[in-house]
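**Student:** Kindly return the folded structure for what I paste below:
(4 chains)
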Protein chains: 2
Amino acid sequence: MPDRAFPEGGPSFSPLYRQIKALITRSLQAGEWRPADAIPSEIELAARFGVSQGTVRKAVDELASENLLVRRQGKGTFVATHSEEKVQYRFLRLTSDDGKPLRSERRFIDCQRLRAPADIAHPLMLRSGAPVFMVRRLLSFDDRPVVLEDIWLPGAHFKGLTTERLTDCRGPLYAFFEEEFGVRMIRAEEKIRAVAASAEAAQWLKLIQGAPLLSAERLSFTYDDKPVEVRRGFYDTSFHHYRNTLN
Amino acid sequence: MPDRAFPEGGPSFSPLYRQIKALITRSLQAGEWRPADAIPSEIELAARFGVSQGTVRKAVDELASENLLVRRQGKGTFVATHSEEKVQYRFLRLTSDDGKPLRSERRFIDCQRLRAPADIAHPLMLRSGAPVFMVRRLLSFDDRPVVLEDIWLPGAHFKGLTTERLTDCRGPLYAFFEEEFGVRMIRAEEKIRAVAASAEAAQWLKLIQGAPLLSAERLSFTYDDKPVEVRRGFYDTSFHHYRNTLN
DNA sequence: GAGTGGTCTAGACCACTGA
DNA sequence: CAGTGGTCTAGACCACTCG
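**Tutor:** Residues are numbered from 1 along each chain as shown, chains lettered A, B, ... in the order given. All right, here's what the predicted structure looks like:
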């Protein structure tokens, strides 16, 4: 049975279900259950942790609402995965103006191993000059180039990444990262701006230089809010828009 | 005790707590409890609806997570209001690049009663030509004009709206709408693009024509997902950005 | 101390899945 | 049919607020 003690400076009270939640998260992080696997049933977990089913339930509820677990009535609770998502692009909020589904195509332009410039190293919590991978790719929707993005990944977690392996990858990129490198993206933060297209961006997106582009700078996190990806994307919003819901 | 029957085509099963939730929502909508008021305690609600406290709790939990109610331990559960929010702009996701708080100032440029053009009437579910109010305003942060927006409101719900009344209003605009017109904004959807500044927008925002601007088209909803506001904003993102969190 | 929301339990039963 | 998650109950106790 977990202890209710808390460290100096922490919250004044940590309910049991949060401690259970932390234990389950630790098992997820440690890979005790693989992506897409079923985790033990609520009754089993309750026995294992020495608490009631209701307490386990509340812990699992929160993890499910954070998209770390997926509940399926009658079947069990499963470790979430990027592989079997309905949407190809989990974090890309771009939609066609006419609402039709996007027939998408992607092309990897480049993949290099280099030393992190300061403005990449800093958000990734690396030292300047640390090894990183830089992937550049172009997404086209209905044969129109729409998204040009640079993806920066810490070298330590993505050893052996090459353009070839990226090109061979079929499903979502995040599923590839999850399977090949054991890095699971949980959540992300974006900063969005309007900018004028550089000569290079204009060329790839088949626009004139200076055309307005949406700039999205994304920082993605894995367990423990550890940053593991920086993305800098330019979106041509002539026929598409970035959608958002405010609550 | 509510009935579990469900209408043709609805979900195959409607749990009790969702029916309770619907009943509470109806009372909120009907104004049985005013904004910022405390609603009855969980025990009272349980007695009133003839269910257990746990069932009421689950209903209230969902309403709190949708920002319709606010729970305060030891005090009670309160009807959410736009008046006492920490943030001045509930739905404006604009942040200064340096992260410092924004000293903001707003100026109402115009307020007219006119007939809705088709592209405004349609999202508001009005007929083309229906009376609407159009409010134009300019927001400045640290003495720099950053946001120019047109706000469109259905005439039927905002009778008597004038520039004067808007200028006199101190707190958030949505608090003003809530208090003066009984229209409470619950959630919103936005479509975001990069566009080139028009001559008019450039003038207000002190930019050159053609400068890249973020365009945000917002549709806000009140109870029952009824649309009651269209906003078209242009944001100068030279020193600010639109932030978003992806889950 | 009384009243509120917050946690935890134990047990019953329901809805759904798949063998 | 057994096993899973989902709902609902009744009751106990805890944490917090305020008079």
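**Student:** Using CSV, list the CA coordinates for the lowest-mean-pLDDT helix or strand in chain A.
**Tutor:** Sorting the helices and strands of chain A by mean pLDDT, DSSP states H and E puts helix A:163-168 at the bottom, at a mean of 91. Provided in CSV are the C-alpha atoms of helix A:163-168 (Å, rounded to 0.1, in the frame of the first residue of the first chain):
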residue,chain,number,x,y,z
THR,A,163,16.6,9.4,-45.2
GLU,A,164,16.3,5.8,-46.4
ARG,A,165,14.7,4.5,-43.3
LEU,A,166,12.4,7.5,-43.2
THR,A,167,11.4,7.0,-46.9
ASP,A,168,10.7,3.3,-46.2
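**Student:** What are the structural domain limits within chain A?
**Tutor:** By the assignment in automatic domain parsing, chain A contains the domains A:16-79, A:94-242.
**Student:** and chain B, which of these is closest to it?
**Tutor:** domain A:94-242 (3.9 Å; Cβ to the nearest Cβ). Every residue, glycine included, has its C-beta placed from N, CA and C.
**Student:** In what element of secondary structure is the spatially most central residue of chain A found?
**Tutor:** Most central in chain A under Cα atoms, centre = their mean is A:M185, positioned 3.2 Å from the mean C-alpha point. For A:M185, there is no host helix or strand (DSSP states H and E).
**Student:** The longest helix along chain A near DNA strand C at all?
**Tutor:** Assignment by DSSP state H gives helix A:16-30 as the longest helix of chain A. Yes - under the criterion of Cβ under 7 Å from any atom of the strand, DNA strand C is reached by helix A:16-30 at A:16-18.
**Student:** For that helix, give the mean pLDDT please.
**Tutor:** For helix A:16-30, the mean pLDDT works out to 97.
**Student:** Next: stretch A:232-246.
**Tutor:** Over the span of stretch A:232-246, the pLDDT mean works out to 97.
**Student:** That stretch vs chain B: in contact?
**Tutor:** Yes - counting by Cβ under 8 Å from any Cβ of the partner chain, chain B has neighbours in stretch A:232-246: A:235, A:237, A:241-246.
**Student:** So what's the residue count around A:N67?
**Tutor:** 13 (other Cβ atoms under 10 Å in any protein chain shown).
**Student:** near chain B, which residues of chain A?
**Tutor:** Checking chain A against chain B by Cβ under 8 Å from any Cβ, the hits are A:66-67, A:90-91, A:93, A:95, A:187-196, A:210-215, A:218, A:235, A:237, A:241-247.
**Student:** 6 Å - rerun?
**Tutor:** By Cβ under 6 Å from any Cβ of the partner chain, the residues of chain A that approach chain B are A:91, A:187-196, A:212-214, A:237, A:241-247.
**Student:** Got a ChimeraX select line for the buried ones in those residues?
**Tutor:** In ChimeraX syntax, the buried subset of the residues of chain A next to chain B is picked out as below (16 or more other Cβ atoms under 10 Å in any protein chain shown):
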select /A:91,187,188,190,191,192,193,194,195,196,212,213,214,237,241,242,244,246
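**Student:** So which of the residues of chain A next to chain B sit within helices?
**Tutor:** Using DSSP H, none of the residues of chain A next to chain B sit in helices.
**Student:** Go ahead and confirm the residue nearest to the centre of chain A touches A:Y174.
**Tutor:** Yes - counting by Cβ atoms under 6 Å, A:Y174 is a contact partner of A:M185 at 5.0 Å.
**Student:** where do the strands sit along chain A?
**Tutor:** Counting by DSSP state E, chain A has strands at residues A:69-72, A:76-79, A:94-96, A:104-115, A:131-141, A:144-154, A:187-196, A:212-222, A:226-235, A:240-246.
**Student:** ok, A:E164 to A:N67 distance?
**Tutor:** 31 Å (Cβ to Cβ, to the nearest Å).
**Student:** Pass me the low-pLDDT residue ranges in chain A, would you?
**Tutor:** A:1-12 (pLDDT under 70).
**Student:** Show me what from chain A comes close to DNA strand D.
**Tutor:** Residues of chain A lying near DNA strand D (Cβ under 7 Å from any atom of the strand): A:12-13, A:39, A:41-44, A:54, A:57, A:71-77.
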